[in-house]
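Q: how would this look folded up:
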Amino acid sequence: MGKRSWGPRKCWNISISHRAITTLASIATLASLPWIAGCTGMVDAQNKTGQSAIQVLPASVNFGSTGVGKKVSHPASVTNTGTTNVTLTQAVVSSTDFSISGLQFPLTIQAGQKANFTVWFKGSKAGTSKGKLHFKGNSDSDAPDPVDLTGTAEDSKPNLDLSSSSHDFGKVTVNGIATAALTLANSGTASLNISKISVTGATFSAAAIKLPAAVPAGGTVALKLTFSPKTAGNYSGDVAVTSDDPDKPNQTVTLTGVGTTEAVGTLTVSPAALSFSNVKVGSSASAVTTVRNTGTGNVTLSQIKTSSTAFSATGIAAPVLLVPGESLALTVKFSPTASGTTSGNISLVNSQGGITGVSVSGAATQPVQAGLTVSPGNINFGNVVANLTNTQTVQISNPGAASVQITAANITGTSFGTSGLSAPLTLNAGQSHTFNVEFNPKAAGASTGSLTLVSNAPNSPSTITLSGAGIAAGLTLSVNPSSVSFGNVAANTTASRNVTVTNSGNSSVAISSITLTGAKFLLSGGSAVTLTPSQSITLSVQFTPATAGAASGSISIVSNATGSPASVPVSGTGVVQVQHSVALAWNASASAAGYNVYRSGASGSGYVRINSSLDTALSYNDSTVQSGQTYFYVTTAVDSAGGESAFSSEASANIP
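A: Alright, predicted model coming up:
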């Protein structure tokens, strides 16, 4: 029966008690009425269909703002809240800027169960897009209410973020080298073009990035900074980056450092830049960097600070002392709370005032029902000696509720390879897998490549950019001190000196023998050994002259290093100490039972008695004098009752 039309009626109040609305009879009576009209209007109860048991959450999706042509996602679910199974036959989206994935039709949802899916937005032009998502079922009662969809696309533009605005290298030994990394991240929605990178300050430099360099949206590149003072003093400079960032085309990072002749520790990290990509909001990814003391003295890592709450560092409990050559592992975790690109810096503060930075960047996305996360998203192996292999660990994870199958792993770049990864590989929901990416350059020069993982995930393919530079092997040893002089050493005594031998190159050095010439010298600590870069050994040299006279010798260090053998001259002089004594004599005193003898290093005061018991003779021999000193003497007479006279007149003796 159709709706009935009624004229205006007066308003009235309807009062229904709690008891009435809880009885089946009352409900049946109300349902039989064709209408109930009141002050608020009219409700037609006869033709209204019942609410569908299928519900979609969320009921509306607003994607916010994103770049034109950039595809973003939002998780959703469709739930059967009824008591019988429901079959959905189709999903229709009213706008081509929106789409869904993760469902196959016809879709039967059992009572009390739900199916997860993903809603996507990709704005084809600038402006706000609106649409509706409709599900259709076998009957009209099976169809849920439509889902409102809204998204805004903005004109794409790049945005350059630097991981730090300044860097202090702290104290660095003259002719030593300290390094740091600066991450250049593009957090915009369009590709960023870097046209110029310049460094001021003679002691500072930056590893070349091939310019112009294009950084894709959400991508990063790492710039290696170096400080190598040639003389002691304070140094300052800066590195300037020019790009097509419309808001910040010119950005500058201030550089400072102190050159010193002291033996100081230097903290370095490898890799100095960590990048995380495709990490889902609410999850996390980790990577490890190695902290090493490459200096010549001890250094205390006093504090670890992070510039962004999205990053955290564990594995090292500061403060901690690192001796030369010692290394520790620092684990960095990226835990995003919002989608987008985040960059920052982890500062390792040392006791000498310097800061070693680990540049970090991460790209976070909203979680999807089925997907593949890869961390890190790009790998910079830095400098690797030709024909040696540097390995970095990659973690792939499936944060979704459905399995993901990796069907192919394609790698480009002749110097790159993988281990521990074979396709096809299936990752179940929540499962992770780790494997290694290797860089083995055959010659000096920069190398680039990529690793592409092809899967059935919505975000396939997943690509890791690879870069590194091969460098020639440097086989060098440094010896400190370069010569050993013992000076004067008394005959039949032993003096010792230490000599430190350090691998100052970038490749392992094999020492085949360490020998010492010179009959009066003795060497310990020298044997055949292989030193890794920055590793040291300590030699002990002893000089024991039997007679007076000059002696010389030489330490010879034979190795495969350039300039072998290294020679360290050794010299010393044996001396025989001459024993001196002072003979004292005085006139007798008639009433004296004995005499005391006093000595001082200054005339007229400070006298100290030097005879252990009363001297009954009229003389005394002082054999405790030393060469190069002048002594002043007085005597007193002591009677039998113990009474002591005043000091006699003073006598002096000059010992040659």
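Q: Per-residue pLDDT of the closest residue to Ser581 other than its chain neighbours, please?
A: Nearest residue to Ser581, sequence neighbours excluded (C-beta to C-beta, 6 or more residues apart in numbering): Ser623, at 4.2 Å. Quick note: C-beta positions are derived from backbone N, CA and C, even for glycine. pLDDT recorded at Ser623 is 89.
Q: Pretty sure Ser623 sits against Leu584.
A: No: in this structure, Ser623 is not within contact of Leu584 by C-beta atoms under 8 Å, at 11.6 Å.
Q: Compare neighbour counts for these two and give me the winner.
A: Each of Ser623 and Leu584 has its neighbours counted (other C-beta atoms under 10 Å); Leu584 has more, 19 against 9.
Q: any idea which element the more buried one lies in?
A: strand 582-585 (DSSP states H and E).
Q: Next, the residues that contact that strand from outside, please.
A: 597, 618-622, 625, 631, 633, 635, 651, 653, 655 (C-beta atoms under 8 Å, 6 or more residues apart in numbering).
Q: try stretch 472-485
A: Outside stretch 472-485, the residues that touch it by C-beta under 8 Å, 6+ apart are 296, 385-387, 444, 497, 499-507, 509, 511, 531, 541, 555, 557, 559-564, 566, 568-572.
Q: sec struct for Ser141, please.
A: helix (DSSP: H, G, I helix; E, B strand; the rest coil).
Q: so how far is Ile54 from it?
A: Separation of Ser141 from Ile54 (C-beta to C-beta, to the nearest Å): 9 Å.
Q: Between the two, which is the more surrounded one?
A: Neighbours per residue (other C-beta under 10 Å) separate Ser141 from Ile54, with Ile54 holding more: 21 against 14.
Q: My read is that the more buried one contacts Gly137, right?
A: Yes: counting by C-beta under 8 Å, Ile54 touches Gly137, with 7.1 Å between them.
Q: Mutual contacts of the two, please.
A: Taking C-beta under 8 Å, 6+ apart as the contact rule, the neighbours common to Ile54 and Gly137 are 86, 88, 143.
Q: Which among the contacts of stretch 472-485 count as buried?
A: 296, 385-386, 497, 499, 501-507, 509, 511, 531, 541, 555, 557, 559, 561, 564, 566, 568, 570-572 (16 or more other C-beta atoms under 10 Å).
Q: Which two of the contacts of strand 582-585 have the greatest separation?
A: Within the contacts of strand 582-585, Leu618 and Ile655 form the most distant pair, 22.9 Å apart (C-beta to C-beta).
Q: All the strands of the stretch 101-250 of the chain, residue numbers only.
A: In the stretch 101-250 of the chain, strands defined by DSSP state E, counting those that start in this stretch lie at 107-109, 114-122, 127-137, 147-154, 160-162, 166-173, 178-186, 192-200, 204-206, 213-215, 220-227, 233-243, 250-260, listed in chain order.
Q: of all those strands, which lies closest to Pro458?
A: strand 114-122 (6.4 Å).
Q: residues in contact with stretch 87-105?
A: 54, 76, 78, 106-109, 115-124, 129-138, 142, 149, 151, 153, 368-370, 402, 458.
Q: distance between that stretch and the chain's centre?
A: Distance of stretch 87-105 from its chain centroid, counting by C-alpha atoms, centre = their mean, to the nearest Å, is 45 Å.
Q: Endpoint to endpoint, it covers what distance?
A: 9 Å (C-alpha to C-alpha, to the nearest Å).
Q: Check which residues of that stretch are buried.
A: For stretch 87-105, burial by neighbour count (16+ other C-beta under 10 Å) applies to 88, 91, 93, 97-100, 102-103.
Q: and the spatially closest residue to Val221 that is not a sequence neighbour, what does it touch?
A: Excluding its sequence neighbours, the residue lying closest to Val221 (C-beta to C-beta, 6+ apart) is Leu184, at 5.1 Å. Residues near Leu184 by C-beta under 8 Å, 6+ apart: 160-163, 194, 215, 220-223, 241.
Q: if we can go back for a sec, please spell out the ChimeraX selection for the buried subset of the contacts of stretch 87-105.
A: Of the contacts of stretch 87-105, the buried ones go into a single ChimeraX selection, burial set by 16+ other C-beta under 10 Å:
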select :54,76,78,107,109,115,116,117,118,119,120,121,122,123,129,131,133,135,137,142,149,151,153,368,369,370,458
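Q: What ranges in the chain fall below the confidence cut-off?
A: 1-52, 208, 353, 366-371, 401 (pLDDT under 70).
Q: Tell me where it has helices.
A: 18-21, 24-32 (DSSP state H).
Q: What about the buried ones among the contacts of stretch 472-485, which are in strands?
A: Counting by DSSP state E, the buried ones among the contacts of stretch 472-485 place 385, 497, 499, 501-503, 509, 511, 531, 541, 555, 557, 559, 566, 568, 570-572 in strands.
Q: show me the contacts for Ala510.
A: 528-530, 559-560.
Q: ok, it to Gln113 distance?
A: 68 Å.
Q: Compute the number of surrounding residues for Gly362.
A: 31.
Q: that older thread, can I get the contacts of Ala510 in a markdown table with distance to Val578?
A: Output for the contacts of Ala510, formatted as a markdown table (distance: C-beta to C-beta, whole Å):
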| residue | distance to Val578 |
| --- | --- |
| Ala528 | 45 |
| Val529 | 45 |
| Thr530 | 50 |
| Ser559 | 46 |
| Asn560 | 51 |
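Q: Looking at the residues you listed, spot the one nearest Ala423.
A: Distance to Ala423 across these (C-beta to C-beta) is lowest for Thr530, with 38.7 Å.
Q: How about that closest one: what's its closest non-neighbour residue?
A: Closest to Thr530 by C-beta to C-beta, 6+ apart is Ala510, at 4.8 Å.
Q: again with Val578
A: Nearest residue to Val578 in three dimensions, chain neighbours excluded: Ser627, at 6.7 Å (C-beta to C-beta, 6+ apart).
Q: My read is that the one you found contacts Gln579, right?
A: No: using C-beta under 8 Å, Ser627 is not in contact with Gln579; the gap is 9.4 Å.
Q: Contact partners for Asp168?
A: So Asp168 contacts 256-257, 353-355 (C-beta under 8 Å, 6+ apart).
Q: Would you tell me which one of the strands of the stretch 101-250 of the chain is buried the most?
A: Most buried of those by mean neighbour count (mean count of other C-beta atoms under 10 Å) is strand 178-186; its value is a mean of 26.
Q: Give me the angle between it and strand 250-260.
A: 170 degrees (axes from the mean of the first three to the mean of the last three C-alpha atoms, to 10 degrees).
Q: From the chain's centroid, how far away is stretch 339-347?
A: For stretch 339-347, the distance to the chain centre is 12 Å (C-alpha atoms, centre = their mean).
Q: Could you number the chain from 10 rather than 1 from now on?
A: All set: I'll call the first residue 10, so the last point we hit is now stretch 348-356.
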